[in-house]
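>>> Next input, structure requested:
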Amino acid sequence: MTVKDSNGTILNDGDSVTVIKDLKVKGSSVTLKRGTAIKNIRLTSNEEEIECNADKVKGLVLKTCFLKKA
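Numbering: from 1, shown residues only. Take a look at the predicted model:
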């Protein structure tokens, strides 16, 4: 299984990614702004999703179509 970002670049465990669109976090009042850097991602069994921790929110699951490799 290969996990790719919005540009088609292959992602691996521990990579850093950048958010390409403002994203509202469900269950929270926090919004991840475009350009937010997220470090140390973890791949899931779904190739369209990754797990990560942002500055203000822990345990996020993000879709790879909103990310690009940093």
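
>>> would you list every one of the helices in this structure?
Taking DSSP state H as the criterion, the chain carries no helices.

>>> As a quick check, tell me the outermost residue of it.
Distance to the chain centre peaks in the chain at residue 29, reaching 18.0 Å (criterion: CA atoms, centre = their mean).

>>> Apart from its chain neighbours, what residue comes closest to the residue nearest the centre of the chain?
For the chain, the residue nearest the mean C-alpha position is residue 62 (4.6 Å; CA atoms, centre = their mean). Excluding the flanking residues, the one nearest residue 62 by CB to CB, 6 or more residues apart in numbering is residue 50, at 5.7 Å. Placement of C-beta: from N, CA and C, glycine included.

>>> and residue 56, how far is that from residue 29?
10 Å (CB to CB, to the nearest Å).

>>> per-residue pLDDT, residue 26?
Looking at residue 26, its pLDDT is 91.
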